[in-house]
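Novice: Return atomic coordinates for the entry below.
(2 chains)
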Amino acid sequence: MPSRLTRRDLLRFAGGGALGVLLSPLPWKLLDDTAIWTQNWPWIPEPIRGDITWGHSTCTLCGAGCGIQVRLAGKRTVGLSGIANHPMSRGTLCPTGRLAHHLPFHPSRILRPVRLLNGTTIEPTDAAGVLSAIGAALHSAPRGTDLPSIAIIDGRPGRSVSHLLAETANAWPSAIYIAASGTLQPATELVRQHLHSETPELSYDIAHARTILSFGAPLCDGWGAASVARQFLPTASSSGGHRPRLIQIEAVRSRTANFADTWIPVVPGSEHMCALAIIRAILDDRRVRTGVRKRAEDLEAFATLLHRLDPGDVSRRTGVPAEEFLRITRTFTDERPCVAVVHGSASPELQSAVLLLNLVAGTVFQEGGVRAIPDVPGTTRTHGPRSLDELDDHSLALLILDESVASVDIPARVLERKLVPGTGIVVSLSPFPAPRRVPVQYVLPAAVWGETLTDVTASNDAGEAGYGVSLPFLPQRAETLDTVGFVRTLAQLPGLAGMVVPSAEDLLRQRAAALHASGRGMVFEIASATRRSVQSFDTAEALWSVLQAGGCWFDGPMMPRAIPAFRFLRPGLSEALTAQITDSAHPSSGASGLSLVIVDTPLKREQYLESPLMSKLRQESALYPVPGAVSVHPSTARACDLSDGSEAMLSVFDATVRVRTWCDAAVPPGLVMAVTGDHPDLVARISAPGNTAPRMADAVSRSPVISVTLLKA
Amino acid sequence: MFFVGWFLFPALLYTHEDQPLQFSHKVHTGDAVGLPCQDCHRLSDDGRFAGIPKSAKCAECHAEAIGSTPDERRLVDEYVRKGREIPWLVYAREPQNAYFPHAAHMQRAGLPCERCHGTHGSDETLPPFERNRMSGESRAIWGRSIFGIKTAEWDGMKMDDCADCHRERGVTNTCLKCHK
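Specialist: Now for the predicted structure:
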């Protein structure tokens, strides 16, 4: 009798088969192999195999000029580290510098020219298209007027190639070259107004100071060279290093505040009042040095003005007890050399007050104080505006930015005001499509660290003059340009036809020759790890060989100089101080009861010039505040019905932006701590209709402290 | 299905690829020549493994053919004289997600080559390279047994084998030790 296949038989067969499979290695081995397969995608770059060799170079990611030891596998860069005894970096390299070799593979990098429409939409274009747009802008620029209608901003002035950018500006009628300022610089322009005389570039001499009074300066948060931050670490003194005393006056307990010997929490936005109160305490406690008394033309008038400062009022406005100012003053001036420091992008009132404090404390032009930094030999000094603010409104038909080694941070409101409405365009040389709120922006792709031969004149960010050469370890990508290539591209335009553009190597050799001819300073040789004077080199070629091998030039010991005659009350300052002293409004008062505090870290647009790994780590570890996230005290979060990591809408004036909330007990209750910026990922996330993020960045740049509301999204 | 899992699946899982040349490790390491492993598989001064020898290393002895085998002739004519590298298929190459330093294992731990590579150094011929179709890795990583059961302590170089050896020697087994 023929057997009949029933449903039960089928189920039995399937069950038995499944059991048989489970009892065989098939599923388990497949699971294991699948796990390996998913970790080894074909598009993941394979580690390079080959001979391990070593090279030396200089980091160009900031102006500190740190020495880099490069590890190469099969002639490809696989690891970077510091160089022991390097005079600029003292063996230290910051995390950003350590991962500079990742930059060529940054996912946000552009490798062909692009056009950005309204700062958000990216369209591919070509170099001819960019040149055509520049040509049209040049054609439309007004002629026969002295007012500049074209500006070229050099993101890192002082390089050998910088004078090519200045020459380009000189060749075009009505064009102007602007050298961007460093963030570690004191307000040199302000100092010039006090001294009525020509003053070289200035820098805080943190390396030689014994006491540092910081007004929110992010000394341990990536400001300047990594060796600056290292000297404040608790281990610095135990390892026999020089550890200066640090007093941090800041609204939030930042990383710098954590490492400081003393943290003075203040009401946000009242830092300048603290500086004025300390000046008054120096005057009252008779701590003004004889040299300052002799040189100051108006000490009495200045003292009289400062005596209008009511200690009780200052205490109420700053949140710092009145007697605390005297204690800070004594600590500050007892341990000399001392210096008061502030970040270069702090409010004008705070910059001015800190400069007055340095003047009255007699730290200007002193070792360990506010130090004059002579130019590196071969630097072309330009006398022109230092920022777009000094140009007429609606005057610029074309703005050219060299952002190949440093981002140029221009607030949206300044761009809007300076460009000719509707027709003004921005052209930048950058590795990343930095979005700007302009109708049209062209970006030419720039080569990044390790792809080109270039140099860095360490001065403002390093605290002393230095010079190093950055060498190529990777071939430059096809359509990318270095600054020399950029100028060569521009030279195809009318007005620049006869311009001779030398190669990068020729420019650097010329700089080495200038260093040799000056006979000034010392040279650090990598091979022998020794320092020798420039004068000991027989030829410029010998000096160039040392630089090319990763060595560096640096200035010898600084000779202190006497401060010339000066006045405290430069034009307009008396009225401004009077207004600040008599203005008793509480800076943090606001309808919502929350104050937005902008923490200035170098992680704004500059974060593009760092490894994507670092960006990811910072964003995911909450190690540093990043654009798109705000930090609040847990009690503030609870009051706003928010929790750690929840989304919220942050509103200020007429702008609203969606943010992620981090709970951080280091942020005082009532404050919302944020950094501004326009990270491309952030812009992508909030590019929905009605996005007002650019206005947010603009609004917060208008005032150091503004009132905000934070609502659960 | 039981049969499929135990016999058909292993046969299908691995491809069999012949090495570009045949040669005898035994001849090189045996009494006749008596080379130590490190003579060809060089370790640099700091202990790093320089990998499979380049054809220039072979040329030190084989600038002219020694012997009369076809592979010997091909070695000299196609690789040594032309300066081309031999595209060896490496049995013991770990997956890219694992980091294995020879320096730590040979210099610091003092392990002999045979601990992981077994009798490979005394083999008469080069066996076919068996590549896992799923993961793309060598069968030597998983081991001979399809179920991962070891027939000798050197049989298999998968994560469990590394972890067991680390545990036996009191070495840390944290993730980032091997997965950088």
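Novice: Can you list the low-confidence ranges for chain B?
Specialist: Applying pLDDT under 70 to chain B flags residues B:46.
Novice: ok, which residues in chain B are in contact with chain A?
Specialist: Within chain B, the positions lying close to chain A (Cβ under 8 Å from any Cβ of the partner chain) are B:1-2, B:4-6, B:9-10, B:13, B:44, B:48, B:50-51, B:95-97, B:132, B:134-137, B:142, B:146-148, B:158. The way it works is simple: take the backbone N, C-alpha and C, and place the C-beta from them, glycine included.
Novice: let's go with 6 Å and repeat that
Specialist: Counting by Cβ under 6 Å from any Cβ of the partner chain, the residues of chain B close to chain A are B:1-2, B:5-6, B:9, B:95-97, B:132, B:134-135, B:146-147.
Novice: Among those, which pair sits farthest apart?
Specialist: Greatest spatial distance among those (Cβ to Cβ): B:Phe2 and B:Gln96, at 34.5 Å.
Novice: And for A:Pro142, the neighbour number?
Specialist: 12 (other Cβ atoms under 10 Å in any protein chain shown).
Novice: Nearest to chain B: which residue in the stretch 501-650 of chain A?
Specialist: When scored by Cβ to the nearest Cβ, the stretch 501-650 of chain A has A:Leu613 as its residue closest to chain B, at 12.0 Å.
Novice: Helix, strand or coil: sort out that residue for me.
Specialist: helix (DSSP: H, G, I helix; E, B strand; the rest coil).
Novice: out of the residues of chain B next to chain A, which is most surrounded?
Specialist: Neighbour-wise, these (other Cβ under 10 Å) top out at B:Gly5, 23 neighbours.
Novice: What sits closest to it if chain neighbours are left out?
Specialist: Excluding the flanking residues, the one nearest B:Gly5 by Cβ to Cβ, 6 or more residues apart in numbering or on different chains is A:Ser24, at 2.1 Å.
Novice: now do A:Ala549
Specialist: A:Ile526 (5.5 Å).
Novice: Need the three-state assignment for A:Pro385.
Specialist: Strictly by three-state DSSP, A:Pro385 counts as coil.
Novice: list the contacts for the closest residue to A:Asp644 other than its chain neighbours?
Specialist: Excluding its sequence neighbours, the residue lying closest to A:Asp644 (Cβ to Cβ, 6+ apart) is A:Cys663, at 4.2 Å. A:Cys663 is in contact with A:Pro634, A:Ala637, A:Asp644, counting by Cβ atoms under 6 Å, 6 or more residues apart in numbering or on different chains.
Novice: run the last query once more with 8 Å
Specialist: Taking Cβ atoms under 8 Å, 6 or more residues apart in numbering or on different chains, we find A:Cys663 in contact with A:Ser631, A:Val632, A:His633, A:Pro634, A:Ala637, A:Ser643, A:Asp644.
Novice: Which pLDDT value belongs to the fourth one?
Specialist: What the model reports as pLDDT for A:Pro634 is 85.
Novice: Wait, it touches A:Ala665, no?
Specialist: Yes: if you go by Cβ atoms under 8 Å, A:Pro634 and A:Ala665 touch, sitting 6.2 Å apart.
Novice: When these two are compared, which one has more neighbours?
Specialist: A direct count of neighbours by other Cβ under 10 Å for A:Pro634 and A:Ala665 places A:Pro634 higher, at 15 against 11.
Novice: Can you read off the pLDDT for the residue nearest to the more buried one when sequence neighbours are not counted?
Specialist: Leaving aside its sequence neighbours, A:Pro634 sits nearest to A:Cys663 (Cβ to Cβ, 6+ apart; 4.6 Å). Reading off the confidence values, A:Cys663 has pLDDT 85.
Novice: show me what contacts the one residue in chain A that gets nearest to chain B?
Specialist: Of all residues in chain A, the one sitting closest to chain B is A:Ser24 (2.1 Å; Cβ to the nearest Cβ). Neighbour list for A:Ser24: B:Met1, B:Phe2, B:Val4, B:Gly5, B:Trp6, B:Phe9 [criterion: Cβ under 8 Å, 6+ apart].
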